[in-house]
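Trainee: here's my sequence, what's the structure:
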Amino acid sequence: MHLSKKRKHQILIGGSVLAAALLTFGLSACSKQAQFKPSKWKTTEEDHPAIHDPSVVMVKGKNGKAHYYVFGTHVTEAESDDLVHWNVPFKSTYDNPKNNIILGNFAKNLKVPFKWAGHNDADSAGGYAIWAPDVHYDPDYEWSDGSKGAYLYYFANSSTWRRSVTSVAASKSIKGPYTNVKPIVYSGFTKNDATDGSDRNIKYTKTNLPKLIKEGKVSGWSNKWNNATGTEWNHLYAPNAIDPCVFNDAHGKMWMVYGSWSGGIFLLKINPKTGTAIYPKKDGKTKDGRIIDRYFGIKLLGGYHQSGEGPYIMYDKATKYYYLFVTYGGLDYQGGYNMRMWRSKSPEGPYVDAKGQDAPSYTENSDDKANTKYGIKISGNYKLPGMDTSYKSGGHNSFMKNNDGKYFLVYHTRFSYDNNYQLRVHEMMMNKDAWPVNLPFAYTAKKPSALAESKIPGKYTFYNLGTKTSAANVPRKEVTLTSNHKITGGMTGTWKLSKKNSTSYYLSIKSGKTNYEGVATTQYDKEEKPAGWKVVFSAIGNNNETIWCFKDLK
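Mentor: I've put the predicted structure just below:
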């Protein structure tokens with residue numbers, strides 16, 4: 001979520017996530033302290049709750065089966081057994097700020113981050129700004145009584161497009177309440193006395209930096225953070241400290257990726273005993289020349305206020321890749337919000353796209369649309385033939401692999417000219433090149449049946465999601481796949497299949513100079529009228545495009 005200089009989002013009480021790792025921690029193991037009482041959730045069922053910036057977490061329930069939780073901006077949350085039907089405890093966003101089931105009393109428990117940003121100030125006047133949480137289970141977290149293990153709730157407070165703070169809170173139950181709030185990283189501060197349009201003094205002495213410098217964890221003030229007079233935040237270099245995602249690497253070490261627009265997306269190591277950051281201490285460069293900032297960490301991409309926010313990283317043991325997702329564009333229905341994807345063999349990067357391009361770090365001379373050249377675009381604005389409204393501004397996603405080895409993309413979306421948002425879950429499937437491809441229809445948990453190759457030829461609805469960031473719908477076309485492996489119509493080329501499993505195939509398409517690798521399978525489409533089974537294709541091109549095809553299964 002982002003407050004840019006050009007696009008400011010209203011944050012009022014009535015206004016309106018990849019689990020970092022696969023979590024299988026039993027809920028019954030969360031009660032070493034007798035005095036701790038987990039929050040009780042009184043819920044109502046919804047298929048698509050109003051959860052913005054969703055972060056999904058999987059745990060093992062009492063019956064040993066997977067149970068899923070989603071946490072979102074404005075302290076929203078929901079739980080599900082099937083990723084289709086969600087039990088929602090909140091009646092409105094920021095439900096009961098004096099005794100919220102997640103964060104308790106906002107004014108009391110969030111006193112430290114609210115001193116800097118987030119409560120009835122600047123762009124959050126009259127309300128709160130508690131954004132984009134990510135919940136992660138940490139077995140090594142140490143409580144004051146000596147017990148170990150906590151669910152950690154990472155979240156951001158912000159009152160302007162640059163003055164923000166990301167903090168962490170802990171609980172012995174995933175349902176909360178979360179306490180022990182500790183700030184991790186601040187943004188929007190100055191070396192000398194200054195203001196940012198409110199009456200607040202934004203001098204860095206109001207942050208955690210003086211203590212970190214005194215303890216030798218950060219080697220003093222950096223002039224890169226401000227202008228020459230030390231009275232203005234250098235947002236072209238330094239990140240906006242929002243949108244955290246915490247994940248474990250292949251060796252079990254914890255990391256936090258965060259950031260939005262401004263100076264870009266950054267990465268910090270996390271101390272598992274405290275849930276707070278291990279700062280680089282000194283400035284440096286990665287082997288491929290990216291910034292290592294003494295306080296903000298390793299720069300992964302972005303900068304110079306190019307769009308990009310909601311970062312999410314997940315490590316997959318099966319492919320041995322770290323998958324990085326970032327959302328481009330503005331989050332309202334006119335902003336062209338869309339998700340992009342890269343991957344790396346190291347948590348620190350560099351992350352590359354299907355073209356083999358490193359995720360970009362921009363310079364002062366980069367044009368306003370430079371980022372559209374990078375990252376695999378896996379979503380866009382589109383209208384299904386059997387729907388009255390269009391999917392708009394799908395983004396700020398999380399990514400998960402469940403116990404059955406299935407991959408899921410969890411994100412929020414809007415519809416046509418409506419700034420309300422809904423939760424959506426899509427299944428993703430790995431192609432031959434170890435890229436997860438996004439299937440076109442919302443997940444329904446219905447099990448597909450065997451797909452015969454003879455069912456593949458025919459006329460399909462076709463979308464090429466392209467690489468642009470645009471408010472316009474992706475054009476809908478028609479293509480025909482012939483029995484002699486030709487493609488005609490809105491796309492021309494050739495196609496071939498190889499067996500993936502009993503219900504799906506690996507799909508390869510060649511069109512001109514572009515090679516697409518993906519999957520062919522079946523999905524139950526419940527969003528269009530009439531509902532029914534479809535043959536679907538989803539494939540990623542070596543030009544960073546995603547293409548979708550679907551037709552009725554007959």
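
Trainee: was I right about residue 232 contacting residue 226?
Mentor: Yes - if you go by C-beta atoms under 8 Å, residue 232 and residue 226 touch, sitting 6.2 Å apart. All C-beta spots, glycine's among them, are computed from the backbone N, C-alpha and C.

Trainee: neighbouring strands - and their directions - for the helix or strand hosting residue 506?
Mentor: Per DSSP states H and E: residue 506 is located in strand 504-511. Applying DSSP bridges, strand 504-511 is found paired with strand 493-501 (antiparallel), strand 514-525 (antiparallel).

Trainee: what does it contact?
Mentor: 429, 431-432, 448, 451, 453, 487, 491-500, 515-521, 537, 539, 547 (C-beta atoms under 8 Å, 6 or more residues apart in numbering).

Trainee: if we go to 7 Å?
Mentor: 429, 431-432, 451, 487, 491-500, 516-521, 537, 539 (C-beta atoms under 7 Å, 6 or more residues apart in numbering).

Trainee: do stretch 215-229 as well
Mentor: By C-beta under 7 Å, 6+ apart, stretch 215-229 touches 190-191, 209, 212-213, 232-234, 237-238, 279, 281-283, 294-295.

Trainee: chain center to it, what's the gap?
Mentor: Computed by C-alpha atoms, centre = their mean, to the nearest Å, the chain-centroid distance of stretch 215-229 equals 29 Å.

Trainee: contact partners for the closest residue in space to residue 242 that isn't next to it in sequence?
Mentor: Excluding its sequence neighbours, the residue lying closest to residue 242 (C-beta to C-beta, 6 or more residues apart in numbering) is residue 156, at 3.7 Å. Residue 156 makes contact with 131-132, 164-166, 241-244 under the criterion C-beta under 7 Å, 6+ apart.

Trainee: roughly how far apart are residue 156 and residue 128?
Mentor: According to C-beta to C-beta, to the nearest Å, residue 156 and residue 128 sit 12 Å apart.

Trainee: do residue 457 as well
Mentor: 55 Å.

Trainee: what of residue 155?
Mentor: With C-beta to C-beta as the criterion, residue 155 and residue 128 are 11 Å apart.

Trainee: between the two, point out the one with more neighbours.
Mentor: residue 155 (29 against 24; other C-beta atoms under 10 Å).

Trainee: residues contacting the more buried one?
Mentor: 130-133, 167.

Trainee: strand partners of the one helix or strand residue 480 maps to, parallel vs antiparallel please.
Mentor: Element membership of residue 480 [criterion: DSSP H and E] is strand 476-481. Strand 476-481 sits in its sheet next to strand 458-464 (antiparallel), strand 486-489 (antiparallel), going by DSSP bridges.

Trainee: now the helices: where do they sit in this structure?
Mentor: 106-109, 111-116, 209-214 (DSSP state H).

Trainee: so which of those is the most packed in?
Mentor: helix 111-116 (a mean of 19; mean count of other C-beta atoms under 10 Å).

Trainee: and it, what's its mean pLDDT?
Mentor: Taken as a whole, helix 111-116 carries a mean pLDDT of 95.

Trainee: what's the answer for stretch 490-506, then?
Mentor: 96.

Trainee: distance between that stretch and the chain's centre?
Mentor: 29 Å.

Trainee: and what of stretch 40-56?
Mentor: 16 Å.

Trainee: in that stretch, what's buried?
Mentor: 41, 46, 48-56 (16 or more other C-beta atoms under 10 Å).

Trainee: relative to residue 494, how far out is the residue with the largest distance to the centre of the chain?
Mentor: What lies farthest from the middle of the chain is residue 484; by C-alpha atoms, centre = their mean that is 41.1 Å. From residue 484 across to residue 494, the span is 9 Å (C-beta to C-beta).

Trainee: cool, residue 265 as well?
Mentor: Per C-beta to C-beta, residue 265 is found 38 Å from residue 494.

Trainee: show me which of those two is the more surrounded one.
Mentor: Using other C-beta under 10 Å, the more surrounded residue of residue 265 and residue 494 is residue 265, with 28 against 14.

Trainee: next up, the contacts around the residue nearest the centre of the chain.
Mentor: For the chain, the residue sitting closest to the mean C-alpha position, by C-alpha atoms, centre = their mean, is residue 397 at 3.5 Å. Neighbouring residues of residue 397 by C-beta under 7 Å, 6+ apart: 312, 325, 339, 409-411.

Trainee: follow-up on the earlier one: next, show the common contact partners of residue 232 and residue 226.
Mentor: With C-beta under 7 Å, 6+ apart, residue 232 and residue 226 have common neighbours residue 190.

Trainee: who's more crowded, the two?
Mentor: Between residue 232 and residue 226, counted using other C-beta under 10 Å, residue 226 has the larger neighbour count: 21 against 15.

Trainee: related to what we said a few turns ago, is it possible to get JSON lines of the helices of the chain that adds distance to residue 290?
Mentor: Below are the helices of the chain laid out as JSON lines (distance: least, C-beta to C-beta, whole Å):
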{"stretch": "helix 106-109", "distance to residue 290": "36"}
{"stretch": "helix 111-116", "distance to residue 290": "27"}
{"stretch": "helix 209-214", "distance to residue 290": "22"}
